[in-house]
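Asker: what shape does this take:
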Amino acid sequence: LFLYLIQPVLSSIKSRHLIIIPHEELNSIPFQAMQNPATGKYLGESFAISYAPSATVLATLDDRSPLKSGRLLAVADPEIHDAREEVEAIGKLYPGRSKVVTQESANKTDIRTWVSDYNVVHLSVHGTFNAGDPLLSYLRFKEVPPDNGHLTAAEMFGLPLQKNSLVVLSACETGRVEATHANEVLGMVRSLLYAGAGSLVLSSWEVDASSTKLWMESFYKEGQTNPPAEAARLALVAVKSRPEYGHPYFWAPFSMTGK
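Answerer: Numbers count the residues shown, from 1 in each chain. Below is the predicted model:
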């Protein structure tokens, strides 16, 4: 795929930041994991990569990110040990301007109430993709009968996100989408952009908790001095540099949507 999709245009690329607008089945491919056979390096090591569902959507997104100076809402499922440590470490980067929830499970009403006050939203919870109906893909929060605690992609359309907010879903399969022949992208990506997000960090498959923790902590740390796409590249490099995380499964699941 590198030889077909990247090699023919490689000599014409002058930027170190690639924005990729995939079509149909290409939506399921992590371009950052494509390997240059001539050098052995992966595309995600050499370039900061971000994605957009269409050129029309890309044109509406703001290139100013709140990652460096925003207000952080970080919520973890307390049953996920690495998630608790992950959000606590991230919260320390936003002193006096963060809400970190780790000791008890949040419910959907909590999330809807909190998100309007923050422009960096980090949710480290369980996620599930529904291939039969992508808009029923969900994040799992505390069950409050009769509600099952599933915040679906359909419900995310109505989240009161601040305009141009950054949303990071540190969970499994949050970035998986179903693309129609007209390249209408169905899933959490579409929902969150519609709700007001200007940039997203989502996963393409079921992730490993410990490597995810390292990726996320590196992303936020690097994001204090670098643009988000470059911070994502440096996070990828940080995970890949660990011998136990050498396989793309560990370092390539997270993709950034936005400029």
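Asker: would you list every one of the strands in the stretch 51-200 of the chain?
Answerer: All strands of the stretch 51-200 of the chain, identified by DSSP state E, counting those that start in this stretch, fall at 72-76, 98-101, 120-124, 127-128, 138-140, 150-152, 165-169, 178-179, 185-186, 197-203.
Asker: any stretches of this structure with poor pLDDT?
Answerer: Filtered on pLDDT under 70, the chain yields the residue ranges 173, 175-186.
Asker: beta partners of the most centrally placed residue in it?
Answerer: The geometric centre of the chain, computed from its C-alpha atoms, lies nearest to Val201 (CA atoms, centre = their mean), at 1.5 Å. Beta-bridge partners of Val201, counted by DSSP bridges, are Val168, Met256.
Asker: what separates it from Asp62, distance-wise?
Answerer: Using CB to CB, to the nearest Å, Val201 is found at 16 Å from Asp62. All C-beta atoms are positioned from the backbone trio N, CA, C, and that covers glycine.
Asker: what of Ala106?
Answerer: Distance from Ala106 to Asp62, by CB to CB: 28 Å.
Asker: those two: which has the busier surroundings?
Answerer: Ala106 (21 against 12; other CB atoms under 10 Å).
Asker: contacting residues around that one?
Answerer: Counting by CB atoms under 8 Å, 6 or more residues apart in numbering, Ala106 makes contact with Val75, Trp114, Phe141, Lys142.
Asker: run the last query once more with 10 Å
Answerer: Applying CB atoms under 10 Å, 6 or more residues apart in numbering to Ala106 gives the contacts Leu73, Val75, Ala76, Asp77, Pro78, Thr113, Trp114, Leu123, Val125, Phe141, Lys142, Gly149.
Asker: how about the helices in the stretch 101-250 of the chain?
Answerer: Applying DSSP state H, counting those that start in this stretch to the stretch 101-250 of the chain gives helices spanning 108-115, 153-156, 188-195, 209-222, 228-240, 248-251.
Asker: what are the buried residues along the second one?
Answerer: Of the residues in helix 153-156, those buried by neighbour count under the rule 16 or more other CB atoms under 10 Å are Ala153, Ala154, Glu155, Met156.
Asker: reformat the residues you listed as a markdown table; add distance to Ala195.
Answerer: Putting those into a markdown table (distance: CB to CB, whole Å) gives the following:
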| residue | distance to Ala195 |
| --- | --- |
| Ala153 | 10 |
| Ala154 | 11 |
| Glu155 | 10 |
| Met156 | 6 |
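Asker: which one of those is nearest Pro253?
Answerer: The closest of the buried residues of helix 153-156 to Pro253 turns out to be Ala153 (CB to CB; 18.2 Å).
Asker: hmm, Leu202 and that closest one touching each other?
Answerer: No. Assessed by CB atoms under 10 Å, Ala153 is found out of contact with Leu202, at 11.1 Å.
Asker: mind listing the shared neighbours of the two?
Answerer: Between them, Ala153 and Leu202 share the contacting residues Thr174, Val177, Gly187, Met188, Val189, Leu192, judged by CB under 10 Å, 6+ apart.
Asker: report the two of these separated the most.
Answerer: Of all pairs in the shared contacts of Ala153 and Leu202, the most separated under CB to CB is Val177 and Leu192 at 11.5 Å.
Asker: please say which of the two ends up with more neighbours.
Answerer: Leu192 (25 against 22).
Asker: run a quick neighbour tally on Thr56.
Answerer: For Thr56, using other CB under 10 Å, the count is 9.
Asker: contact partners for it?
Answerer: So Thr56 contacts Ile21 (CB under 10 Å, 6+ apart).
Asker: Glu230 versus that one, what's the distance?
Answerer: 25 Å.
Asker: try Leu236
Answerer: Applying CB to CB to Leu236 and Glu230 gives a distance of 11 Å.
Asker: neighbour count winner among these two?
Answerer: More neighbours surround Leu236 than the other of Leu236 and Glu230, with 26 against 18 (other CB under 10 Å).
Asker: got a list of what the more buried one touches?
Answerer: Leu236 makes contact with 32-33, 42, 44-45, 48-49, 215, 218-219, 248, 250-254, according to CB under 10 Å, 6+ apart.
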